[in-house]
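[1] no sequence on this one, just coordinates:
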């Protein structure tokens, strides 16, 4: 069983920045692809960004490319989502997700953290 804990989000003005972190309770952290998803009120959960187990490969939702940056520190079992130039449409609950890189095993979700961007 892997537990994922997201950092506290917050309220930020449009154009501002926020960094989220996701820390995993597993010694096998580097065996997982880590992703962030988000869910806005009344909308379905959507993919935001993902980073490979090595950190060498990343993927982003088109609307956050150039504004969000994902990185990981496997020694600290932590992934960081740096969010810059935030927009009101980025307001959502952000969830950390772990998927085994081997494609074998369970997926895990964090409880989510609220990010609110005011206009």
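    Thanks, I have it. Keep in mind the model is a prediction, meaning the values are calculated, not measured.

[2] and the spatially most central residue of the chain, helix, strand or coil?
    In the chain, the C-alpha nearest the mean C-alpha coordinate belongs to residue 36, at 2.9 Å (CA atoms, centre = their mean). Secondary structure of residue 36, reduced to three states by DSSP: H, G, I helix; E, B strand; the rest coil: strand.

[3] How about residue 89?
    With three-state DSSP as the criterion, residue 89 reads helix.

[4] quick one on the thing from earlier: measure the residue nearest to the centre of the chain to residue 89 for me?
    Counting by CB to CB, to the nearest Å, the gap between residue 36 and residue 89 amounts to 16 Å. In this view, the C-beta of every residue, glycine as well, is placed from N, C-alpha and C.

[5] Next up, the contacts around residue 103.
    With contact set as CB atoms under 8 Å, 6 or more residues apart in numbering, residue 103 has no partners.

[6] Next one: it from residue 32, what distance?
    Taken as CB to CB, the spacing of residue 103 relative to residue 32 amounts to 11 Å.

[7] again, but for residue 64
    In this structure, residue 64 lies at 21 Å from residue 32, with CB to CB as the measure.

[8] who's more crowded, those two?
    Taking other CB atoms under 10 Å, residue 64 and residue 32 do not tie; residue 32 has more neighbours (27 against 21).

[9] Nearest spatial neighbour of the more buried one, chain-adjacent residues omitted?
    Nearest non-adjacent residue to residue 32, counting by CB to CB, 6 or more residues apart in numbering: residue 98, 4.3 Å away.

[10] residues near the one you found, how many?
    Using other CB under 10 Å, residue 98 has 25 other residues around it.

[11] I figured it hits residue 33, correct?
    Yes. Residue 98 sits in contact with residue 33 when judged by CB atoms under 8 Å, with a separation of 7.4 Å.

[12] All good on my end, thank you.
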